[in-house]
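Trainee: I'd like to go over a predicted model; first the sequence, then the structure.
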Amino acid sequence: MAATSEGEHRTGLLNGFAAYGMWGLVPLFWPLLKPAGALEILAHRMVWSLVFVAAALLFVRRWAWAGELLRQPRRLGLVVVAAGVITVNWGVYIWAVNAGHVVEASLGYFINPLVTIAMGVLLLKERLRPVQWAAVGIGLAAVVVLTVGYGRPPWISLCLAFSFATYGLVKKKVDLGGVESLAAETAIQFLPALGYLLWLTAHGGDSFLNHGGGHAALLASTGIVTALPLVCFGAAAIRVPLSTLGLLQYLAPIFQFLLGVLYFHEAMPAERWAGFALVWLALVLLTGDALRWARRPARLAVPTARTVRTAGTSPSPSPSASASTPADA
């Protein structure tokens, strides 16, 4: 059993690295789709993602969730909201990468955890620990420094961070699996996306039919590029602890940042380095606090178990232990 558990954990880690690695390296892919514009790429991504995910669900015969979703108008409405915000996120990211703003796009995913925490306080009335308040404050200071450095607020980063944080909040309430959720969202996106592509073709502005089979195949592969990391993430999520996934998530923006600086040669003056340094400091504080609270239940459970055994009664979980999970941090 121990060997099986270790093997499952290793499989989960490999899938986690694969998922976040693919998300981190995706800036290399979008420029390959030129001369297609950001809107055309976005529309193809919506259409082909549904085709790919629907084929996968047909293969594994997982469709029971769809009927249940259609009978629940509130959940269906939340899926529509999720589809809307992820459309904004995808569109801004594709445009940012192809317009030479890879570093600023990576910043959006660095500050996403801080935005998620801030939204938890403002919308869900969650209470923060002192370290979390410090991390949020440092994050706000970083935005100010970067605003001075860019000569404008980092709109791309803020748009990506807020749209993805909103997407995460809505998905938590919908409570659908990753592949099923993508299928539902792209089903909502499909008709508007297909309509736009048909309109583009009718007006001679599409690149799908006018730049050869290789270009068309690349546009069609946007479905695989979207769905494959999600499948790997799903395989990782059921095999490794949330605290481990929380650490792995930083791989994607790290890879994106390095690509922006080392491969795309984007400028990084001193004030931008200072802003990023503040963001990284905030994330170090946040991650350290999360890991400390993730280990706290195990520490609390030991004396509780000893006390129970000494009293000659059956052990029961500590309330404070059961309330503290990595997801709470």
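Mentor: All right, it came through fine.
Trainee: mind listing what Gly234 touches?
Mentor: The neighbourhood of Gly234, defined by CB atoms under 8 Å, 6 or more residues apart in numbering, consists of Gly177, Gly178, Val179. In short, each C-beta sits where N, CA and C put it, glycine included.
Trainee: What backbone torsions are found at it?
Mentor: phi -60, psi -40 (degrees, to the nearest 10).
Trainee: Check Phe29 too.
Mentor: phi -90, psi -40.
Trainee: Distance check, it against Met22.
Mentor: Taken as CB to CB, to the nearest Å, the spacing of Phe29 relative to Met22 amounts to 9 Å.
Trainee: Find residues that contact each of those two.
Mentor: Common contacts of Phe29 and Met22, defined by CB under 8 Å, 6+ apart, comprise Val225.
Trainee: can you pull the contacts of Ser106?
Mentor: For Ser106, the contacting residues are Pro253, Ile254, Gln256, Phe257, Gly260, by CB under 8 Å, 6+ apart.
Trainee: Of these, which is the most crowded?
Mentor: Gln256 (26 neighbours; other CB atoms under 10 Å).
Trainee: right, and that one touches Met22 too?
Mentor: No. Look at Gln256 against Met22 with CB atoms under 8 Å: they stay out of range, at 11.6 Å.
Trainee: mind listing what Trp48 touches?
Mentor: Shown in contact with Trp48 (CB under 8 Å, 6+ apart): Leu219, Ala220, Ser221, Thr222, Gly223, Ile224, Thr226.
Trainee: hmm, try it at 7 Å
Mentor: Under the criterion of CB atoms under 7 Å, 6 or more residues apart in numbering, the contact list for Trp48 reads Ala220, Thr222, Gly223.
Trainee: Does the residue sitting nearest the centre point of the chain lie in a helix or a strand, and which?
Mentor: With the centre of the chain defined as its mean C-alpha position, the nearest residue by CA atoms, centre = their mean is Phe164, 6.6 Å away. According to DSSP states H and E, Phe164 maps onto helix 155-174.
Trainee: Quick check: buried residues in the helix or strand just after that helix?
Mentor: The element immediately downstream of helix 155-174 (helix or strand, assigned by DSSP H and E) is helix 178-202. Along helix 178-202, the positions that meet the burial threshold by neighbour count (16 or more other CB atoms under 10 Å) are 178-190, 193, 196-197, 200.
Trainee: now stretch 135-148
Mentor: Residues of stretch 135-148 classed as buried: Ala135, Val136, Ile138, Gly139, Ala141, Ala142, Val143, Val145, Leu146, Thr147 (neighbour count, 16+ other CB under 10 Å).
Trainee: just the residues you listed now: which is nearest His101?
Mentor: Within those, proximity to His101 (CB to CB) peaks at Leu146, which comes in at 12.6 Å.
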